[in-house]
Structures are given as structure tokens and as C-alpha cells.
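K.L.:
model this:
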Amino acid sequence: MSEMSSVNRKLIQALAETISKQVKHFNKTEVECLIRGFHYLVEQNISKNTAGGLDRGRFRSILHDMFGMTDYMIMDGGIVFRTFDKDNDGSVSVKEWIEGLSVFLRGTLEEKIKYCFQVYDLNGDNYISKEEMFQLLKNSLNRQPTEEDPDEGIKDLVEITLKKMDHDHDGRLSFADFEKAVREENLLLEGFGICLPDNTSIETYERHLFEEQWEH
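P.N.:
Numbers count the residues shown, from 1 in each chain. Predicted coordinates:
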């Protein structure tokens, strides 16, 4: 048993060596912790068809439980899962998980802008259209029942947002539009829905992962 554990430890160290050279923001020791944590999460994955990765349902549960992310469209719609699952094979691998967490936990503003834009670009055409803004805002706003048509208020909000963010005035947001607007006003980063963990969740997760190192 101890020999097997030694082999596993060496495999993890070798994998950590490789991944730490390819992924920003984590050193080799931290990557080892992330790999161990990932294996712990995969062991609890009830799906048998993910080839050692996290399927969409398990991924959604983890982000909900660990980071308090609850936005229905962004989480249940699989949008964040899609940004992690870069090879689009229906499973988040250990490297994809660590790459995603590098942005989640320690990403620069530039990295977070790219990530959020990718999340909000629902159809992947490199623009956030009026229709996509409408869907995202309709989902993320908690509306109280009123006599007025709630969709009209959201349409008005989309127009206001376009006036503020659509710098080239083409009726949609390019990455350049989005980046410029967010750099001028950081609060616009998650303006179309919460898709990043808050600082408290990040601190708790890092403390649990890197300080306790999954000893329990």
C-alpha cells in the first residue's frame, strides 16, 4: 500500500511539474494540491463516462457548493462549464480544471475580462448581441411582479447598456467594446450575470486547499 502511494505521489509530482509550466499563477506545490483536490472531487463523480474528469452536473455542484455560484442560466445552462471544457469533450480534465481555477482564484483583470466575455457570448460568435444581453439580464435580475411588462424594462436596460458600452455603435458588443468599458468601470465586469466567485469564497477555498492540503 505504501509502495502504491509512493508511485501515486511520484505521478502527481511529475504531472504537477508539467502543468505548473503551462498554467499561470500557481507554483508546483500548489499544483500538486490542486491535482489531489481534483482527484478527490472526481472520486465523488457519479458519472462513469467522463474518463477521469468532471461531468457537467458534478462541475455545477462543485461551483455551487465551493464558490456559491447560483446564476441559473450561467450555471445550469452550462456556460461556465463550456469555458472550462476547452476541448469540448463533455468532461473537465485536471489540466482544464487548474487552468480555469487560475483565472477564478488569481486571474488578472485582463484574464477575467476575456473569461467573462466568453461566458456572455452565448453563441460563440465573438460578439455579445442585444438578444444575448436580454437573455442574460432577464435571467439575472430578480423581478418583482408588477402590472408593467417586465420584458420592456429589460429591453430599456439593454439599450442603456449599449449606449454605455458599445463604443463603435454597431448595436452589439465586441471584445474591444467590452474590454474598454470594463477598464473604465470595473463593476461592469460581471454586469450580465455573476460568473466569478467572490473574494470570501476564494479565500476560504485557497485556505482549505493549500493550507490543509486535503489531509482530512
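K.L.:
show me what the longest helix seen in the chain is packed against.
P.N.:
Longest helix in the chain, counting residues (DSSP state H): helix 2-22. The helices and strands touching helix 2-22, judged by 3 or more CB pairs under 8 Å, 6 or more residues apart in numbering; DSSP states H and E, are helix 28-43, helix 94-106. C-beta coordinates here come from the backbone N, C-alpha and C atoms, glycine included.
K.L.:
other residues contacting it?
P.N.:
26, 27, 28, 29, 30, 31, 32, 35, 36, 94, 95, 98 (CB atoms under 8 Å, 6 or more residues apart in numbering).
K.L.:
same question for stretch 71-87.
P.N.:
Under CB under 8 Å, 6+ apart, the answer for stretch 71-87 is 56, 59-60, 63-64, 69, 88, 91-93, 96-97, 99-100, 115, 118-119, 122, 135-136, 139-140, 193-195.
K.L.:
what's the burial count for residue 64?
P.N.:
Residues lying near residue 64 (other CB atoms under 10 Å) number 13.
K.L.:
and it, what does it touch?
P.N.:
Applying CB under 8 Å, 6+ apart, the residues contacting residue 64 are 70, 75.
K.L.:
which element is it on?
P.N.:
helix 56-67 (DSSP states H and E).
K.L.:
where's the residue at minimal distance from the centre of the chain relative to residue 63, distance?
P.N.:
Nearest to the geometric centre of the chain sits residue 80, at 4.7 Å (CA atoms, centre = their mean). The gap separating residue 80 from residue 63 is 7 Å, by CB to CB, to the nearest Å.
K.L.:
which residues are in contact with each of these two?
P.N.:
residue 69.
K.L.:
could I get the pLDDT score of residue 148?
P.N.:
Residue 148 carries a pLDDT value of 63.
K.L.:
do the same with the one 10 residues further on
P.N.:
Here, the pLDDT recorded for residue 158 equals 95.
K.L.:
could you give the angle of the worst-scoring helix or strand of the chain on mean pLDDT to helix 28-43?
P.N.:
Within the chain, no helix or strand scores below helix 2-22, which has a mean of 81 by mean pLDDT, DSSP states H and E. Relative orientation of helix 2-22 and helix 28-43, computed by axes from the mean of the first three to the mean of the last three CA atoms, to 10 degrees: 120 degrees.
K.L.:
tell me the angle the longest helix of the chain makes with helix 94-106.
P.N.:
60 degrees.
K.L.:
only the buried residues of helix 2-22, if you could.
P.N.:
Of the residues in helix 2-22, 12, 15, 16, 19, 20 count as buried by neighbour count, 16 or more other CB atoms under 10 Å.
K.L.:
the third one and residue 180, how far apart?
P.N.:
When you say that, I think you mean residue 16. Counting by CB to CB, the gap from residue 16 to residue 180 is 38 Å.
K.L.:
do the same with the fourth one
P.N.:
For residue 19, the distance to residue 180 under the criterion CB to CB works out to 33 Å.
K.L.:
and the helix holding residue 64, what's its mean pLDDT?
P.N.:
Mean pLDDT, helix 56-67: 91.
K.L.:
cool, and stretch 182-199?
P.N.:
Averaging pLDDT along stretch 182-199 gives 94.
K.L.:
ok, now stretch 79-91?
P.N.:
Summarised as a single mean, pLDDT over stretch 79-91 is 92.
K.L.:
what sits against residue 180?
P.N.:
Here residue 180 is in contact with residue 167 (CB under 8 Å, 6+ apart).
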